[in-house]
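Chemist: fold the following for me, if possible:
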Amino acid sequence: MKIIFTSALLLSTFCTLAQNTVMPTMTKGVLGHSTHSNVAGKDTVIETDTTKENQEPQYFYISGNANVFVNTKGGVAKRFSPEVEFGRTYGIFDFGLATGRFNSVYAADTVRYIELRPTINIFSKGRFAEGLCLGAGYVFKAKQGLMTEICNSINFNVTPVVALAIEQGYFFFDGTNSSRSTQYMGFNITYNFLAKHSTNMRRKRKAIVSDN
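Modeler: Now for the predicted structure:
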């Protein structure tokens with residue numbers, strides 16, 4: 001009888017000790033797993049929150065240029081060069097298609113041209129910006145038909161929609177047997193196609209007032 005009682009007591013004690021050893025181990029494992037899940041979830045949220053939206057405005061524009069050649073002999077008819085440009089702005093980069101004449105509208109047809117005119121803003125401060133353009137085009141029915149352009153401009157954003165600029169630049173003309181270059185000064189007015197309360201309007205306003 002004593003042997004049976006002693007055996008039962010030892011068995012009960014062993015079971016109790018085994019249970020106390022397993023439970024803390026399981027509890028630590030469960031808590032460790034739960035903590036790891038929370039940390040992973042938190043890291044995912046932080047990564048999502050640090051993603052930045054593209055803040056560059058994108059919109060169409062149209063501009064009119066009134067250029068005057070400064071090293072050309074003759075009167076206004078030979079010096080005045082009107083131009084119209086239509087394009088799209090991608091942040092600080094403009095890509096436009098321009099067309100115009102190299103003298104007044106009463107001159108010969110050989111002065112009509114078409115030109116691809118990319119422009120980049122190389123400096124900006126509030127409403128002011130400085131632009132650099134490098135253009136290339138073709139003069140219709142001209143002996144020096146290939147034309148290239150380099151110019152810089154000082155721009156002032158009157159509003160997010162209207163901008164004024166003073167330009168100075170050079171045209172280079174190349175033909176089969178001859179070439180020449182000429183310098184001009186000009187005035188430019190630009191209208192930006194921005195809808196009221198649009199995202200691009202908000203971005204444009206932010207761009208011209210952020211450095212004031």
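Chemist: any idea of the pLDDT on the residue sitting nearest the centre point of the chain?
Modeler: In the chain, the C-alpha nearest the mean C-alpha coordinate belongs to Gly91, at 2.6 Å (Cα atoms, centre = their mean). Note for Gly91: predicted pLDDT of 89.
Chemist: which residue is the nearest non-sequential neighbour of it?
Modeler: Nearest residue to Gly91 in three dimensions, chain neighbours excluded: Glu56, at 3.1 Å (Cβ to Cβ, 6 or more residues apart in numbering). Backbone N, C-alpha and C define where each C-beta goes, glycine included.
Chemist: quick one, what contacts the residue nearest to the centre of the chain?
Modeler: 56-58 (Cβ atoms under 8 Å, 6 or more residues apart in numbering).
Chemist: likewise Lys143?
Modeler: With contacts taken as Cβ under 8 Å, 6+ apart, Lys143 has the following neighbours: 110, 175-178.
Chemist: from those residues, keep the buried residues only.
Modeler: Taking 16 or more other Cβ atoms under 10 Å as the criterion, nothing in the contacts of Lys143 is buried.
Chemist: for Ile62, which non-adjacent residue is closest in space?
Modeler: Leaving aside its chain neighbours, Ile62 sits nearest to Phe86 (5.0 Å; criterion: Cβ to Cβ, 6+ apart).
Chemist: sorry, wrong one. I was asking about Pro160.
Modeler: Lys204 (4.3 Å).
Chemist: am I right that the one you found is in a helix?
Modeler: Yes: if the criterion is DSSP: H, G, I helix; E, B strand; the rest coil, then Lys204 is within a helix.
Chemist: so it sits against Pro57, correct?
Modeler: Yes: with contact defined as Cβ atoms under 8 Å, Lys204 reaches Pro57; the gap is 4.5 Å.
Chemist: common neighbours of those two, please.
Modeler: Counting by Cβ under 8 Å, 6+ apart, the residues touching both Lys204 and Pro57 are Leu194.
Chemist: just to revisit the earlier point, run a quick neighbour tally on the residue nearest to Ile62.
Modeler: Each residue near Phe86 was counted by other Cβ atoms under 10 Å, and the total is 12.
Chemist: what's near enough to touch Val161?
Modeler: Counting by Cβ under 8 Å, 6+ apart, Val161 has contacts 191-192, 194.
Chemist: check His197 too.
Modeler: Counting by Cβ under 8 Å, 6+ apart, His197 has no contacts.
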